[in-house]
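Undergrad: Fold the following.
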Amino acid sequence: MTKMFSKLHQASDKARRILLGARNNPLFSVCFRSHVNMAEQSSFSKVQALYELCTTTFTPLGIPSSSSPAISKLCSLLDTVHAADVGLKEENPDDDRGHGFFGLNRLSQAARWTQPITYIDIYECDSFTMCIFCFPTSSVIPLHDHPGMTVFSKVLYGSLHVKAYDWVEPTCIYKSKGSSYPPVKLAKLAVDKVLTAPCGTSVLYPKSGGNLHCFTAVTPCAVLDILTPSYREDAGRKCAYYHDYPYSSFSTGNGTEKSDGKEEDYAWLAQIGTPDNLYMRQGVYTGPAVNV
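TA: Okay, the predicted model is just below:
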């Protein structure tokens, strides 16, 4: 995912240069100029409030404990954020393109299912990242981790299925002898539900709350994410992808049986490469400006 974000950021820089050039073009849309002016005039938007709270709460080394008043305050603020607050127009499920706010022409039924997830970068520093993911129906961000990180997720519109795990401690690894299966590591299911806007903010922590998660769009939807600290490979925060296997796949007669909980609450996770079907593109942020 680090490479993916790097490519997206390069695309974002290119998009910003294109937009800066477009602003000098007389054909540049009046509505976009009006939106920019409105954003510039909004000196204390919800996005600005989120930025300022994050800068006083987070550091590159981590965050306060889950019981910290600052964490509760951030969740309360995120709970009030809607699609319009970040420059998005809510998708119509009957016109499912996953990126309707770009004003693209209506697509054929077959083309809809090949539409990418749109990644929109709002702000990033060593301490935290603010970004948006816009999903067309049935699109998936595969199971992946957030090593040493905490993630705040707010569904802005639509419905999203979340399946999330935490590693079992002490660590339980099974290596299959004489098999093509890679080593697998035991994890416990933390979340398996559909989130539908309006709903509260979800939080995953480094070791709880579902640090490894998968998103599947039930309808067109958008998610505002705040990740802290940001992904950084040289600091050990490199995203990895996983495939989950049923608990029974590797747990018969090998000494790994669990005496607590139900089998369906556990799964074996095998690390894999970046999935080929992860189809994502860079979008342009059109919400209120962040005044740094």
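Undergrad: Next, find the distance separating His213 from Leu61.
TA: According to Cβ to Cβ, to the nearest Å, His213 and Leu61 sit 23 Å apart. The way it works is simple: take the backbone N, C-alpha and C, and place the C-beta from them, glycine included.
Undergrad: Between these two, which is the more surrounded one?
TA: His213 (23 against 10; other Cβ atoms under 10 Å).
Undergrad: Now for that one: which residues touch it?
TA: With contact set as Cβ atoms under 8 Å, 6 or more residues apart in numbering, His213 has these partners: Leu143, His144, Val162, Lys163, Ala164, Tyr165, Val191, Leu204.
Undergrad: Show the pLDDT at it.
TA: Per-residue pLDDT puts His213 at 97.
Undergrad: What pairs with the strand or helix carrying it, parallel or antiparallel?
TA: Using DSSP states H and E, His213 maps to strand 212-217. Using DSSP bridges, strand 212-217 pairs in its sheet with strand 140-144 (antiparallel), strand 159-167 (antiparallel).
Undergrad: State the next helix or strand along the chain beyond it.
TA: Immediately after strand 212-217, counting by DSSP H and E, sits strand 221-228.
Undergrad: Return the distance of that next one from the chain's centre.
TA: Remark: strand 221-228 is offset 5 Å from the chain centroid, using Cα atoms, centre = their mean, to the nearest Å.
Undergrad: let's number from 4 now, not from 1
TA: Shifting the count to begin at 4 puts that one at strand 224-231.
Undergrad: Quick one: work out the angle between that strand and strand 215-220.
TA: Between strand 224-231 and strand 215-220, the angle comes out at 160 degrees (axes from the mean of the first three to the mean of the last three Cα atoms, to 10 degrees).
Undergrad: Check which helices and strands strand 224-231 sits against.
TA: If you count contacts as 3 or more Cβ pairs under 8 Å, 6 or more residues apart in numbering; DSSP states H and E, strand 224-231 packs onto helix 49-60, helix 72-82, strand 132-138, strand 153-160, strand 162-170.
Undergrad: Mind doing that once more with 7 Å?
TA: Judged by 3 or more Cβ pairs under 7 Å, 6 or more residues apart in numbering; DSSP states H and E, strand 224-231 is in contact with strand 132-138, strand 153-160, strand 162-170.
Undergrad: For Tyr234, find the nearest of the ones you listed.
TA: strand 132-138 (7.3 Å; Cβ to Cβ).
Undergrad: Now do the closest one: distance to the chain's middle.
TA: With Cα atoms, centre = their mean as the basis, strand 132-138 stands 6 Å off its chain's centre.
Undergrad: Buried residues in that strand, which are they?
TA: Buried residues in strand 132-138, defined by neighbour count with 16 or more other Cβ atoms under 10 Å: Thr132, Met133, Cys134, Ile135, Phe136, Cys137, Phe138.
Undergrad: How about Tyr54, nearest residue that isn't a chain neighbour?
TA: Leaving out its chain neighbours, the residue that sits closest to Tyr54 by Cβ to Cβ, 6 or more residues apart in numbering is Val293, at 4.9 Å.
Undergrad: Helix or strand: which one has that neighbour?
TA: Judged by DSSP H and E, Val293 forms part of no helix or strand.
Undergrad: Could you report the distance from it to His149?
TA: Val293 is 22 Å from His149, by Cβ to Cβ.
Undergrad: Now Met283. Nearest residue, chain neighbours left out?
TA: Ile120 (4.8 Å).
Undergrad: Ignore what I typed, I meant Ala73.
TA: Excluding its sequence neighbours, the residue lying closest to Ala73 (Cβ to Cβ, 6+ apart) is Thr60, at 4.4 Å.
Undergrad: give the contact list for that neighbour.
TA: Shown in contact with Thr60 (Cβ atoms under 7 Å, 6 or more residues apart in numbering): Ile66, Pro67, Ala73, Leu77.
Undergrad: and with 10 Å instead?
TA: With contact set as Cβ atoms under 10 Å, 6 or more residues apart in numbering, Thr60 has these partners: Ile66, Pro67, Ser71, Pro72, Ala73, Ile74, Lys76, Leu77, Ser130, Phe131, Ile229, Thr231.
Undergrad: show me where this protein has strands.
TA: Under the criterion DSSP state E, the chain contains strands at 120-127, 132-138, 143-147, 153-160, 162-170, 176-177, 187-199, 205-207, 215-220, 224-231, 244-249, 269-275, 283-285.
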